[in-house]
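Chemist: Need the 3D shape of this:
(one chain, ligands or ions: 1)
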Amino acid sequence: MTKTLEIRNLSIGYRAMKAKSNLIAQDLNFSLGQGEFVAIIGANGIGKSTLLRTIGGVQEKISGDVLIEGEKMESIPTQRLAASLSLVLTEPLATKNLTVSELIALGRQPYTNWLGSLTEKDKIAVENSIRTIGLESLKHRKCYELSDGQLQKVLIARALAQDTPIMMLDEPTTHLDLYHKVQVLKTMKQIARDFDKTVIYTTHEIDLAIQLCDKMLILDNSTYHFGTPCEHIENKYLQNLFPSDLIQFDSQTGTFKIKN
Ligand SMILES: Nc1ncnc2c1ncn2[C@@H]1O[C@H](COP(=O)(O)OP(=O)(O)OP(=O)(O)O)[C@@H](O)[C@H]1O
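Modeler: Numbering: from 1, shown residues only. As a prediction, the model looks like this:
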C-alpha cells in the first residue's frame, strides 16, 4: 500500500508559551496509506485537534516531519498542498452569506483561475459532492439558514469537492444525530475505499470508530498507540483511557459501559 501520509518523530504543541507544558505530544511515528479510514481519539484536551492542525499544516510543529506522498510538507508549494490535502476544522464559518453550492464550490479553489471561474469539471465535482453527502435539497439555501448539523455536512462536501488524496476532519460529526453520524462516517469510509483516499478524523465517538475505522491513533497521557481497533482492544489500550470511577470499556462488545 502506498504511504500517503508519514509522521516522523513529530512533536506538537504551542511555542509561544516557552514553558515545558507547551509540548502536547512528542515523538509520534505512524503512517497512513491509500484507502485507509483512520480516527484520532483521546480524552478532552489531550491534543487531537492540535495534532490534526499540525499535520494539516495550519499549526507550526515543534519538531519532526510530516511527509505528504514522500515529500516534506514545508517544501510543497501552497497551491500543490491545497490539491493534496483538505482540512475541515471546527472554527466558525466567515462566509455564511454564500449558498450551499457556492460554499462547496470554494473547495475547487486549488484548480480554478485567479477569477475563480468554474470549468465544467469543477461544476461536476461540486454536483458530485452535493449528491454524495446528500445535500440536494439544501443546495440553494444560504449557509446562515442551516442547522449546525446541516452546515457540518456542507463543510465535508466542500472538502470532498477539493478532491485531495488526503482528507482531514476535526470532529466532523459533533452536531449530527446518531443516524446522520453513522451516515456521514460510512460515506467517508466509502470515499476512502472508492477513491483510494486517506481519510483521518478526530472524534469522541469511540464506539463508532471501533466499528468503522481501519486504524485508530489513541492519544493517551504522555504516550500514544497506533493500530487497528482489534489490536487496541487486545492490548487493552482502551481500558485506561478514562478514569475508571464512572465508565469501563467492555472488550466483548467494544463499547464503554457506565459503572453501577
Ligand atoms: N492556542 C493555544 N495555545 C496554548 N495552548 C492551547 C491552545 N489551544 C489548545 N491548547 C491546549 O492544548 C491542549 C490540547 O488541546 P486540543 O484542542 O488539541 O485537545 P483535544 O484533544 O482536541 O480536546 P477536545 O477533545 O476537548 O476537543 C489543551 O491542553 C489545550 O488547553
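
Chemist: Can you show me the helices along the stretch 151-260 of the chain?
Modeler: 178-195, 206-212, 229-234 (DSSP state H, counting those that start in this stretch).

Chemist: now what about the second one, what contacts it?
Modeler: Outside helix 206-212, the residues within contact range by CB atoms under 8 Å, 6 or more residues apart in numbering are 37, 39, 41, 173, 181-182, 185-186, 189, 203, 216, 229, 232-233, 238, 241, 254-256. (Each C-beta comes from the backbone N, C-alpha and C, glycine too.)

Chemist: Check the longest one too.
Modeler: With contact meaning CB under 8 Å, 6+ apart, helix 178-195 is reached by 35-37, 132-134, 149, 152-153, 156, 160, 167, 169, 172-173, 176, 197-199, 201, 205, 208, 212-213.

Chemist: Please repeat the previous calculation with a cut-off of 6 Å.
Modeler: Outside helix 178-195, the residues within contact range by CB atoms under 6 Å, 6 or more residues apart in numbering are Gly35, Phe37, Thr173, Lys197, Val199, Leu208, Leu212.

Chemist: can you tell me which residues contact the first one?
Modeler: The neighbourhood of Gly35, defined by CB under 6 Å, 6+ apart, consists of Ala192, Arg193, Asp196.

Chemist: mind redoing it with 10 Å?
Modeler: By CB atoms under 10 Å, 6 or more residues apart in numbering, the residues touching Gly35 are 1-2, 4, 189, 191-199, 214.

Chemist: what pairs with the residue lying closest to Thr90 once chain neighbours are set aside across the strands?
Modeler: In space, and not counting its chain neighbours, Thr90 is closest to Asp170: 5.1 Å by CB to CB, 6 or more residues apart in numbering. Taking DSSP bridges as the rule, Asp170 bridges to Thr202.

Chemist: Pull the number of nearby residues for Asp170.
Modeler: Counted by other CB atoms under 10 Å, the residues lying close to Asp170 total 20.

Chemist: filter the contacts of helix 206-212 to the buried ones?
Modeler: Neighbour-count burial (16 or more other CB atoms under 10 Å) is assigned, among these, to 37, 39, 41, 173, 181-182, 185, 189, 203, 216, 229, 232-233, 238, 241, 254, 256.

Chemist: Point out where the protein drops to low pLDDT.
Modeler: Counting by pLDDT under 70, the chain contains low-confidence ranges at 1-2, 16-21, 114-116.

Chemist: switch the cut-off to 80
Modeler: The chain contains residues with pLDDT under 80 at 1-2, 15-21, 91-95, 112-116, 260.

Chemist: Near the ligand, which residues of it? Just list them.
Modeler: For the chain, the residues in contact with the ligand (CB under 6 Å from any ligand atom) are Tyr14, Ile24, Gly42, Asn44, Gly45, Ile46, Gly47, Lys48, Ser49, Thr50.

Chemist: can you redo the residues you listed as CSV with neighbour count?
Modeler: Formatted as CSV, the residues of the chain next to the ligand follow (neighbours: other CB atoms under 10 Å):
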residue, neighbour count
Tyr14, 15
Ile24, 19
Gly42, 24
Asn44, 7
Gly45, 9
Ile46, 19
Gly47, 20
Lys48, 24
Ser49, 18
Thr50, 18
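
Chemist: In strands, which of those residues fall?
Modeler: Ile24 (DSSP state E).

Chemist: Strands of the protein, start to end?
Modeler: Assigned by DSSP E, the chain shows strands spanning 3-13, 23-33, 37-41, 63-68, 71-72, 85-88, 166-170, 198-202, 215-220, 223-227, 247-250, 255-258.

Chemist: counting contacts, what elements does the second one pack onto?
Modeler: Contact partners of strand 23-33 among helices and strands, from 3 or more CB pairs under 10 Å, 6 or more residues apart in numbering; DSSP states H and E: strand 3-13, helix 48-55, strand 63-68, strand 198-202, strand 215-220, strand 223-227.

Chemist: repeat for the fifth one
Modeler: Packed against strand 71-72, as judged by 3+ CB pairs under 10 Å, 6+ apart, are the following elements: strand 3-13.
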